[in-house]
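> Based on what follows, work out the 3D shape:
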Amino acid sequence: MVGTTEMTNWAVDLIEVRKTYARSIEALRGVNIQVGRGEIFGLLGPNGAGKTTLVKIMMTVVRPTHALGTILGRRLGHRGKLARTGYLPENHRFPPYLTGMQLLNYYAALAKVPRARRAENAERLLDRVWLTQWANERVDRYSKGMLQRLGIAQALMNDPELVVLDEPTDGLDPVGRRDVRELLVELRNQGTTVFLNSHLLSELEMVCDRVAILVEGLVSRQGTLRELTEHTLENRVTFRGDAEPIRGSLEKLSARLDGNTVTLPGGEVGPLNELIDFLRGRGLLIETVAPHRFTLEDVLVQAVGDQKLPPAKRAAHRKRSEG
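Numbering: from 1, shown residues only. The predicted structure is shown next:
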């Protein structure tokens, strides 16, 4: 079932998206995601979380069991809005007998881009993804990284309002990934909405305005990186000496001992000074004191762990982590 609810304040507004495959395999169990216009939004999660299934539902490649919401202000599957959407699928395959220029023209023609505009966009985008000198070479001569860059150019041929990219940096070297990040920021600055599905968390962390974490077919977390990590600040104190005899006392101070490092949750100055005084009082020499905020990877690991807990314990654990 695909609902017809229409809203215009979100570029993507997905409500209760469900997908059940044969033998009652639930890939998506009621996903709700909102993406603002003109932002870079990242979708992340462990393997099997349902990320690619969700992307394919957005692009009408897979039919949902149930879905409400809109894409660019119109119901899911609206042909006019699909024509204003660029898409790079994961593990894409291009006709090997086409040249890079021919391929871009072909896909733009499918999106009904006027002929003159196709030629102009193809030339500009081949230059932007550093493939101009390969424009007239058959794509079966392209490396994996070159095919990925060509795929990104293909997704931009129709001057889209929304670009949906499934693992866009797959196969790219570090320089290529940096170049793609710069391109995505350019698109955002031009007002284009970018929806990214990637397992490279460091890439998402550098460019995304907001992210959603998908775990076992449900959205576990959603928000800006600051919102997702604001309750995860901790202080790490390194020292010289043997703290093993005072491990129990440290635990009473809510501190965690790991080798020659003591980690104290929270960023309050009072408890930190109390910990430092305690360590010094036991003859330990303080070497460094440094604040640490969770990375996106830390948040993902925590989200995956929470999802495996019983519902009551999951709620209690989240409440403690946000306290």
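> what helix or strand is Val262 on?
According to DSSP states H and E, Val262 maps onto strand 261-265.
> buried residues in the following helix or strand past that strand?
Later in the chain than strand 261-265, the nearest helix or strand by DSSP H and E is helix 269-281. Neighbour-count burial for helix 269-281 flags 271-272, 275-276, 278-279 (criterion: 16 or more other CB atoms under 10 Å). Placement of C-beta: from N, CA and C, glycine included.
> just to revisit the earlier point, packing partners of the strand holding Val262?
The elements that strand 261-265 packs onto, with contact taken as 3 or more CB pairs under 8 Å, 6 or more residues apart in numbering; DSSP states H and E, are strand 234-240, strand 256-258, helix 269-281.
> For the ones you listed, give me JSON lines that also has distance to Glu297 and mean pLDDT.
Listed next are the helices and strands packed on strand 261-265 as JSON lines, based on distance: least, CB to CB, whole Å; pLDDT from 0 to 100:
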{"stretch": "strand 234-240", "distance to Glu297": "15", "mean pLDDT": "92"}
{"stretch": "strand 256-258", "distance to Glu297": "18", "mean pLDDT": "93"}
{"stretch": "helix 269-281", "distance to Glu297": "25", "mean pLDDT": "93"}
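> can you redo those as JSON lines with distance to Tyr97?
As requested, the helices and strands packed on strand 261-265 are exported to JSON lines (distance: least, CB to CB, whole Å):
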{"stretch": "strand 234-240", "distance to Tyr97": "56"}
{"stretch": "strand 256-258", "distance to Tyr97": "57"}
{"stretch": "helix 269-281", "distance to Tyr97": "65"}
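> rewinding a little: for the strand holding Val262, output the C-alpha coordinates as PDB.
Output in PDB follows, covering the C-alpha atoms of strand 261-265 (Å, rounded to 0.1, in the frame of the first residue of the first chain):
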ATOM      1  CA  THR A 261      43.300   5.500  31.100                       C
ATOM      2  CA  VAL A 262      40.300   6.300  33.200                       C
ATOM      3  CA  THR A 263      37.100   7.500  31.400                       C
ATOM      4  CA  LEU A 264      34.500   9.600  33.200                       C
ATOM      5  CA  PRO A 265      31.100  10.000  31.500                       C
END
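> Just the buried positions in it, please.
For strand 261-265, by 16+ other CB under 10 Å, it's 262-265.
> do stretch 132-144 as well
134-135, 139, 142.
> Repeat that for stretch 223-239.
225, 228-229, 232, 234-235, 237, 239.
> Helix or strand next in line after the longest helix along the chain, which one?
Using DSSP state H, we find that the single longest helix of the chain is helix 174-189. Next helix or strand after helix 174-189 toward the C-terminus (DSSP H and E): strand 193-197.
> Partner strands of that following strand and their direction?
Strand 193-197 pairs in its sheet with strand 40-44 (parallel), strand 162-166 (parallel), by DSSP bridges.
> of those strands, which approaches Met58 most closely?
strand 162-166 (6.2 Å; CB to CB).
> Just the CA trace of that closest one, in PDB.
Extracted in PDB, the C-alpha atoms of strand 162-166 (Å, rounded to 0.1, in the frame of the first residue of the first chain):
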ATOM      1  CA  LEU A 162      16.800  15.600  -5.100                       C
ATOM      2  CA  VAL A 163      19.700  13.200  -5.500                       C
ATOM      3  CA  VAL A 164      19.600   9.700  -4.000                       C
ATOM      4  CA  LEU A 165      23.000   8.100  -3.900                       C
ATOM      5  CA  ASP A 166      23.400   4.500  -2.700                       C
END
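> Quick one: distance of it to the chain centre.
11 Å (CA atoms, centre = their mean, to the nearest Å).
> and what of stretch 168-175?
On CA atoms, centre = their mean, the centre of stretch 168-175 falls 15 Å from that of its chain.
> which ones are touching the closest residue to Pro89 other than its chain neighbours?
Of all residues not flanking Pro89 in the chain, Asp166 sits nearest, at 5.4 Å (CB to CB, 6 or more residues apart in numbering). Going by CB atoms under 8 Å, 6 or more residues apart in numbering, Asp166 touches 52, 55, 88-90, 197.
> my guess is Thr192 meets Val164, correct?
No. The pair Thr192 / Val164 is not scored as a contact, 11.3 Å apart, by CB atoms under 8 Å.
> Which one's more surrounded, the two?
Val164 (25 against 21; other CB atoms under 10 Å).
> Mind pulling the model confidence for the residue nearest to Pro89?
Note for Asp166: predicted pLDDT of 91.
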